[in-house]
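Show me the folded form of this:
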Amino acid sequence: MDKEIVEAYCKSTASDLKLAEELFKAGKYYYVSVIFSQQAAEKICKAYLACKGVKNIKTHDLSGILTRFIDEKEIINALQFLNAHVTKVRHPFRLEHRLIFPPEAYSRTEAKFALERARVVYDSIFEKIETER
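Numbering: from 1, shown residues only. Here you go, the predicted structure:
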């Protein structure tokens, strides 16, 4: 286990999760809150995978890799939900002939759900990391 990389990911995750929460509470930029929620979940999973000796992961979708080490459906489902928003939240997209821009793509309810999913992933995976250290 590369303790230094695990620690770096954990610190970065805590920062991303805090930013997601602050943006959500501010009631603005819900789409950016979703970005940081997804980032936090991804980074804590990369920290856990580093604990398991898996390095240099180049994908955002970690649910498939994680299933080799955990079988908790709630975590996998939360990651899959968040991963579905990686591109949508960053780039304009078409929805039935209408061009949607990221700032108008997410409501408070959707951002709250993303933040809750990120918290589920963070809490569970961080606990696993703590037992590995």
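
on contacts alone, who are the packing partners of the helix or strand in which residue 4 is found?
Using DSSP states H and E, the secondary-structure element containing residue 4 is helix 3-26. Using 3 or more Cβ pairs under 8 Å, 6 or more residues apart in numbering; DSSP states H and E, the elements in contact with helix 3-26 are helix 30-51, helix 108-132. Every residue, glycine included, has its C-beta placed from N, CA and C.

among these, which is the most enclosed?
Using mean count of other Cβ atoms under 10 Å, the stretch among those with the greatest mean number of neighbours is helix 30-51 (a mean of 25).

What angle do helix 3-26 and that helix make with each other?
With axes from the mean of the first three to the mean of the last three Cα atoms, to 10 degrees defining the directions, helix 30-51 sits at 160 degrees from helix 3-26.

Pull helix 30-51 out as PDB, backbone CA atoms only.
The C-alpha coordinates for helix 30-51 follow below in PDB (Å, rounded to 0.1, in the frame of the first residue of the first chain):
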ATOM      1  CA  TYR A  30     -26.000  23.100  -8.000                       C
ATOM      2  CA  TYR A  31     -24.300  21.600 -11.100                       C
ATOM      3  CA  VAL A  32     -20.900  22.400  -9.600                       C
ATOM      4  CA  SER A  33     -22.000  20.800  -6.300                       C
ATOM      5  CA  VAL A  34     -22.800  17.600  -8.400                       C
ATOM      6  CA  ILE A  35     -19.300  17.800 -10.000                       C
ATOM      7  CA  PHE A  36     -17.600  17.900  -6.600                       C
ATOM      8  CA  SER A  37     -19.900  15.200  -5.200                       C
ATOM      9  CA  GLN A  38     -18.900  12.900  -8.000                       C
ATOM     10  CA  GLN A  39     -15.200  13.800  -7.600                       C
ATOM     11  CA  ALA A  40     -15.300  13.100  -3.900                       C
ATOM     12  CA  ALA A  41     -16.800   9.600  -4.400                       C
ATOM     13  CA  GLU A  42     -14.300   8.800  -7.200                       C
ATOM     14  CA  LYS A  43     -11.300  10.000  -5.200                       C
ATOM     15  CA  ILE A  44     -12.200   8.100  -2.000                       C
ATOM     16  CA  CYS A  45     -12.700   4.900  -4.100                       C
ATOM     17  CA  LYS A  46      -9.200   5.500  -5.700                       C
ATOM     18  CA  ALA A  47      -7.800   5.800  -2.200                       C
ATOM     19  CA  TYR A  48      -9.400   2.500  -1.200                       C
ATOM     20  CA  LEU A  49      -8.200   0.800  -4.400                       C
ATOM     21  CA  ALA A  50      -4.700   2.200  -3.700                       C
ATOM     22  CA  CYS A  51      -4.900   0.400  -0.300                       C
END
